[in-house]
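Engineer: 3D model of this:
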Amino acid sequence: MLLVSIIGDFHSSIFPLYNELKNNIFHHIVVDDDAFSERKKHVQIIQSLKEFNQEKNLNIATEAFSVDEDSQTSIDKLIQRIEELEPNLSNVYINITDGLANIGLLLSMKLLDKGAKFLSYDMYENSYNITTKDGMSNKTLQTSLTISEHFKLKGFAIESSQDKEFAHKYKREILELFNNYTHELELLNKDISKQKLLHTNQYPRAYQLIKSMKLDLIKDAKIITGGLFEYYVYLQLRDFPFDDIEVGFIIKQAINKKINIVNEFDILLMKNNHLHMIECKFRKNSNKNELIYKYASLIHIIDDDSKIMILTNESPYQQNIYDYQDHRLAPHRRGYLHNISLRGSIIHSKNEFLDEVKSLFLN
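Structural biologist: Modelled structure (predicted):
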């Protein structure tokens, strides 16, 4: 097939459909408006698609095509190019999911009656409509991007991720540490932050469990004070039917050849091409306002419809944001407005946490 993807505001909306159809595509035209502000994004999308094709050994020609959406002559040139590449228009599929409306309208006016098919992806249902001159049908996507593929297609480089096998290998120790000895671990973490083990008699079991996982209290301080809690949360989630899970996932976004912006996500969850995140804060008294502001600015990087949960080591697990007399809940309310759920400790509220995971990320 010849696939034509029209780029709009939500650039990543073309990727799930592209992944679904990739084995049937011989040529892919990626269309954007010729406005200067869109050129950098368009160039990045083309590059990401080419790298994806190479990684998957796909023999798909990827072509950039810019049009002036306010010029019929410009759009007619696109139509001419489509017909040059595939005279049999029944093999032409045009993805107008998030495309510029005027381009999609003109293409449908001129190509529907000739047999072209128009696609629109519903990110919320993970399905797509195929519209022809004879009507419309709906299909559910059968494939899901991995978390790495999702970010690579968005133009990010993958820096690293934590080894989930560590959590599997030391599952017993990790669960025992957090289920039974969180107070000891809190004291141990305080000593680690000072790089002095001053009170080993106050955390004997936590200390023993850390040593049994072959962790060095200084060299592996980051894992002990943060990563182990991420593994603990991951172990609660690993049997849920997510398509992909990553822990301690670090990505880089290039500003230029020498400068990158690095972002780390504690736990990422992919389900039906929807990517969500859980931030894990074991230490108490985290600055909740800073966390909300940080992730409100990053949520669009994760996905167009992402949801975030922030776990802290405080009680209770869930607050009533509608309690107008409690002014301490401003961060919780601000988070709510940005699809960010600010929560307390899950250690004694596992069932409540797991029920919320199902409702937030799996329904």
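Engineer: tell me the contacts of residue 317?
Structural biologist: Neighbouring residues of residue 317 by Cβ atoms under 8 Å, 6 or more residues apart in numbering: 343, 344, 345, 346, 349, 352, 353. Using the backbone N, CA and C atoms, a C-beta is placed for each residue, glycine as well.
Engineer: from the residues you listed, which single one is nearest residue 187?
Structural biologist: Closest approach to residue 187 among the contacts of residue 317 (Cβ to Cβ): residue 345, at 16.4 Å.
Engineer: Narrow the contacts of residue 317 to just the buried residues.
Structural biologist: In the contacts of residue 317, burial by neighbour count holds for 343, 344, 345, 346, 349, 353, counting by 16 or more other Cβ atoms under 10 Å.
Engineer: got those as a markdown table, with secondary structure columns?
Structural biologist: Compiled in a markdown table, those are given as follows (DSSP: H, G, I helix; E, B strand; the rest coil):
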| residue | secondary structure |
| --- | --- |
| 343 | strand |
| 344 | coil |
| 345 | coil |
| 346 | coil |
| 349 | coil |
| 353 | helix |
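Engineer: Relative to residue 171, which of these is nearest.
Structural biologist: Distances from residue 171 to the buried ones among the contacts of residue 317, taken by Cβ to Cβ, are shortest for residue 346, at 16.5 Å.
Engineer: What spatial separation is found between the closest one and residue 167?
Structural biologist: According to Cβ to Cβ, to the nearest Å, residue 346 and residue 167 sit 16 Å apart.
Engineer: Quickly list what the closest residue to residue 131 other than its chain neighbours is bridged to.
Structural biologist: Among residues not flanking residue 131 along the chain, residue 118 sits closest, at 4.4 Å (Cβ to Cβ, 6 or more residues apart in numbering). On the basis of DSSP bridges, residue 118 is bridged to residue 94, residue 131.
Engineer: Quick one: residues contacting residue 118.
Structural biologist: 93, 94, 96, 104, 107, 108, 112, 130, 131, 132.
Engineer: which one of the residues you listed sits closest to residue 7?
Structural biologist: Once Cβ to Cβ is applied, the member of the contacts of residue 118 that ends up nearest residue 7 is residue 96, at 10.6 Å.
Engineer: pretty sure the closest one is touching residue 119, no?
Structural biologist: Yes: between residue 96 and residue 119 there is a contact under Cβ atoms under 8 Å: 7.0 Å.
Engineer: which residues of the protein fall in strands?
Structural biologist: 2-6, 27-33, 61-67, 92-95, 117-122, 127-132, 135-140, 157-160, 244-254, 260-271, 274-280, 308-311, 340-343 (DSSP state E).
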